[in-house]
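Visitor: Quick one, what's the 3D model for this:
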Amino acid sequence: MDRTGADFFGVVKQIEEKLKANPVPLQIPIGAEAEFEGVIDLIERKAITWVEDEKLGTKYQFSPIPKELLEVTEEWREKLIEAVAESDDELLERFFEDRDSISVEEFMAVTRKAVISGKIIPVMCGAAFKNKGVQRLLDTVTELLPSPLDIGDIKGQSLDGTEVIIRKPSSEEPLSALAFKIATDPYVGRLAFMRVYSGVLKAGSYVFNARTGKKERISRLYQMHANKQIPKDEILAGDICAAVGFKDIRTGDTLSIEKYPIVLESMTFPDPVIGIAIEPKTQKDLDKLGTALYKLAEEDPTFRIATDDETGQTVISGMGELHLEILIDRLKREFNVECNQGQPQVTYKEAITSEIVHREVFKKQSGGRGKFADIQIRIMPADEGVVGLQFVDEVKGGNIPKEFIPSVEKGFKNAMKNGPLAGYQLDSLKVVLFDGSFHAVDSDQLSFEIAGRQAFKAAAPKAKPILLEPIMAAEIITPEEYMGDIISDLNRRRGVIEGMDDKLGVKIIKSKVPLAEKFGYVTVLRTLSSGRATSSMIFSHYQEVPQGIAKTVIENIKGKSE
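Guide: Here you go, the predicted structure:
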């Protein structure tokens, strides 16, 4: 509420109109922007103000509601009671008969039911600066939001994914926990933040990691309070903790007991869309850089590190310019590694657009046992919605022994990492293996894997390959007078305008723009709008690059490798 342009009732209206929700304020603000003084609690009919000279905002006082706000307080209190009473017939009757007979405790109990069922969305206000309103927010979280018992049983799957497993949110059940974040602490090392859904997690115990199929020892457990760590011997169902002493736990891993394994729903992370080459400013920082990057990649599943085979450069990839800027800043602040960085590079992908039939024979004779594999394949674009390699085995009559067929698939899977146009990865591909032959002595798994790789290299260039580029969904908020300049600039960047909205006197432009055209856009946008417009973007999809631009990109890549 202390921000410029803060409008509490305007935001409540937006929640209703844009999110189609049922927002119900539990508080209204006293003042706004620089005049924001405190809040009025509509349930208890009290004004809450904070002591101004106290930095952390821990001291606050209750006082009568200011006279000028009595009328608006009663108006919103009526709306609150009405909205809550609608979900409870008994309370609704008493509301019409004698509304003052409803106690605060009764009212909160009914409000809690309405919140948990999703009938109402409680709205509060405050200011993060000096923690104004934070105490009441936390009290309300405790009073109104669901506990694990309100949510009910947890659904998971067996290790092979064939069976649904139910776990009750109870400490009597077998252990199931989900690691939702990995962090590096300068004092205790790597921390795995995890939520225990059932059972009890004990310090010094062994847990089973469903992803790796191995046991992990959890040496210590902490309950985290901001930057304070409170050691715990055990964590019960429903609680969140941080664990230390593990070897290989990643974000999204399910931990359980080996005797009763379970796989909880994990998080899916998009592939990086932008990469930059980095190098340490001094040679002595080379080892430190490697260690620091490894720690950052452990924490952030959308951050990747690779070494360019042609140039030997270290390339870091992420979800956007800002993402990589923050990571480079963290290298400097947390790990004391200063880096030089190259120009951002778009992570293109490749695809094929037509079907090709190909026969590949791999023969090698060098004294003694040789190598032999013969495969006949059809390659084509994958079926809609399929990501990765779609491999179909149509070999009949044992022309290729069953044990060699996975090797052919492995060969194609590896070959897809380097596309035929410019060496970019293929996002999807369908391969049908329909015939072939083998030699009783010379054929082995490696021969068929090599045959698969060579078949891809020979057939893919003939299947009309195309280059794909990441397209971003961009949203720009601008005053109306700059809209024309911004739209013409987006058109110049190959952007497609998808819609425009009005909001509190500003225009919201929604568009899809290729990532390659968005580098440095924030600076351009500031110039076009005298610093008044803002933009945000998220990855949308991959799309074919126009022919002229694709030709330039491919020539640049081939020029570098030569």
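Visitor: use CA for all of it now, contacts and neighbours both
Guide: Noted.
Visitor: contacts for the longest strand along the chain?
Guide: With secondary structure taken from DSSP state E, the chain has its longest strand at strand 465-479. Under the contact criterion C-alpha atoms under 8 Å, 6 or more residues apart in numbering, strand 465-479 has outside partners 273, 346-353, 420-421, 505-516, 529, 532-545, 550.
Visitor: Tell me the first helix or strand C-terminal of it.
Guide: As assigned by DSSP states H and E, the chain's next helix or strand after strand 465-479 is helix 483-492.
Visitor: for the helix or strand just after that following helix, packing partners?
Guide: Counting by DSSP H and E, the next helix or strand C-terminal to helix 483-492 is strand 496-503. Under the contact definition 3 or more C-alpha pairs under 8 Å, 6 or more residues apart in numbering; DSSP states H and E, strand 496-503 sits against helix 483-492, strand 506-514.
Visitor: The helix or strand just after the last one - contacts with which helices or strands?
Guide: In this case it means strand 506-514. As assigned by DSSP H and E, the chain's next helix or strand after strand 506-514 is helix 521-528. Counting contacts by 3+ C-alpha pairs under 8 Å, 6+ apart, helix 521-528 packs against helix 483-492, strand 534-544.
Visitor: Buried residues, helix 521-528. List them.
Guide: 525, 528 (16 or more other C-alpha atoms under 10 Å).
Visitor: What of stretch 405-422?
Guide: By 16+ other C-alpha under 10 Å, the buried positions in stretch 405-422 come out as 405, 407-413, 415-416, 418-422.
Visitor: Mean confidence (pLDDT) on that stretch, please.
Guide: Here stretch 405-422 scores 91 as its mean pLDDT.
Visitor: Return it as CSV; C-alpha atoms alone will do.
Guide: Only the C-alpha atoms of stretch 405-422 are listed here, as CSV (Å, rounded to 0.1, in the frame of the first residue of the first chain):
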residue,chain,number,x,y,z
ILE,A,405,17.1,-53.2,-31.5
PRO,A,406,17.5,-51.0,-28.3
SER,A,407,21.1,-50.2,-29.7
VAL,A,408,19.6,-48.8,-32.9
GLU,A,409,17.3,-46.6,-30.8
LYS,A,410,20.2,-45.5,-28.7
GLY,A,411,22.2,-44.5,-31.8
PHE,A,412,19.3,-42.3,-33.1
LYS,A,413,18.8,-40.8,-29.6
ASN,A,414,22.5,-39.7,-29.4
ALA,A,415,22.5,-38.5,-33.1
MET,A,416,19.5,-36.2,-32.4
LYS,A,417,21.7,-34.0,-30.3
ASN,A,418,23.3,-32.7,-33.5
GLY,A,419,20.9,-31.7,-36.3
PRO,A,420,21.8,-31.8,-40.0
LEU,A,421,21.5,-28.0,-40.5
ALA,A,422,23.7,-26.3,-37.9
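Visitor: which residues touch it?
Guide: By C-alpha under 8 Å, 6+ apart, the surrounding residues in contact with stretch 405-422 are 350-351, 389, 391, 393, 423-426, 445-446, 448-453, 456-457, 460-461, 465-467, 554, 557-558.
Visitor: Quick one: buried ones out of those residues?
Guide: Among the contacts of stretch 405-422, those classed as buried by 16+ other C-alpha under 10 Å are 350-351, 389, 391, 423-426, 445-446, 448-453, 456-457, 460, 465-467.
Visitor: Just the ones of these in strands?
Guide: Going by DSSP E, the strands hold 350-351, 389, 391, 465-467 from the buried ones among the contacts of stretch 405-422.
Visitor: Can you show me the helices along the stretch 51-200 of the chain?
Guide: 70-85, 89-98, 104-116, 134-144, 148-151 (DSSP state H, counting those that start in this stretch).
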